[in-house]
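Undergrad: Quick check, what structure comes out for this input:
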Amino acid sequence: MGVSRQKAAENRKAIIEASEKLFREHGIDGVGLNALMKAAGFTQGGFYNHFQSKEALAAEVVASAMEKANQDLKDAIAAPLSPDGDRLQRQVDFYLSGTHCSDIEHGCAVAGLSADVRRLGDQAQTIFSKGLNAMIEILAGPVAEHLPEGNNQEETRRMAIAFCCEMVGALILSRSVVSADAAFAEEIMAASRHVLLNHFVEQKTTDE
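TA: Sure thing, here's the model as predicted:
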């Protein structure tokens with residue numbers, strides 16, 4: 001007897017979720033189909049009932065991860081602030097923290113998947129590109145609050161891209177050395193926190 005459409009959809013979702021965790025931890029090329037299906041609770045033989053190829057699965061993993069990342073970012077930015085709070089400072093403090101650095105499984109999808117995306121096909125790369133673009137557009141709102149009055153959209157986008165790149169780059173580099181030198185990993189994040197907060201948050205305070 002075959003499974004229902006609902007059950008098939010649930011199984012497919014389970015495979016995507018299990019694959020995302022393994023891809024983040026080991027890289028897409030570092031995980032075989034047997035390990036993927038075992039982590040999801042299925043046998044390898046059932047893989048092709050859900051996906052045409054591992055590359056097709058990877059594209060769906062990227063889509064799911066980026067969608068969740070952008071929704072989480074929207075929610076974080078929209079969350080209530082204390083009277084003296086600042087949205088960008090809150091984001092920097094969370095993103096460039098030891099807790100986030102160690103949370104590879106659930107942390108930022110851009111930092112977790114970007115190294116592998118370039119080796120995937122056009123579909124995954126296009127999905128990732130659109131998701132990253134959407135992330136930058138979300139960040140542009142709070143970034144604009146810290147730029148001079150009358151600033152144009154082009155400059156706002158440029159600064160939002162720079163803000164995103166500084167955070168993601170610092171997180172990736174910190175993760176790359178944390179096992180060998182935890183103090184250096186924290187130094188990398190602390191330096192980026194200082195630069196970002198000095199440029200955006202403290203500059204806004206000075207202007208006001």
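
Undergrad: Helices of the protein, residue ranges please.
TA: With DSSP state H as the criterion, the chain has helices at 5-26, 33-40, 54-78, 87-95, 98-102, 109-117, 122-144, 153-177, 182-196, 202-207.

Undergrad: Deepest-packed of the ones you listed, please.
TA: Across those, averaging neighbours per residue (mean count of other CB atoms under 10 Å) puts helix 109-117 on top, at a mean of 20. C-betas here are computed from N, CA, C, even on glycine.

Undergrad: which residues touch that one?
TA: For helix 109-117, the external contacting residues (CB atoms under 8 Å, 6 or more residues apart in numbering) are 23-24, 27-29, 58, 61-62, 65-66, 68-69, 104, 124-125, 128, 131-132, 135, 164, 168, 171-172, 175.

Undergrad: Give me the domain ranges for this protein.
TA: Residue ranges for the domains of the chain, per automatic domain parsing: 1-51, 54-207.

Undergrad: Now the weakest link among the ones you listed, please, by mean pLDDT.
TA: Ranked by mean pLDDT, the domains of the chain bottom out at domain 1-51, which scores a mean of 88.

Undergrad: quick one, phi/psi of G85?
TA: Torsion angles at G85 (phi, psi; degrees, to the nearest 10) stand at phi -80, psi 160.

Undergrad: Could you report the neighbour count for it?
TA: For G85, the number of neighbouring residues by other CB atoms under 10 Å comes to 10.

Undergrad: was I right about K54 contacting L33?
TA: Yes - checked against CB atoms under 8 Å, the pair K54 and L33 is within contact range at 6.4 Å.

Undergrad: who touches both of these two?
TA: Common neighbours of K54 and L33, using CB under 8 Å, 6+ apart, do not exist here.

Undergrad: quick revisit: of the helices of the chain, which is nearest Y48?
TA: Taking CB to CB as the criterion, helix 33-40 is the member of the helices of the chain that comes nearest to Y48, at 9.2 Å.

Undergrad: Could you list every helix and strand in contact with that closest one?
TA: Judged by 3 or more CB pairs under 8 Å, 6 or more residues apart in numbering; DSSP states H and E, the packing partners of helix 33-40 are helix 5-26.

Undergrad: what angle separates the helix it packs on from helix 54-78?
TA: For helix 5-26 against helix 54-78, the angle by axes from the mean of the first three to the mean of the last three CA atoms, to 10 degrees is 80 degrees.
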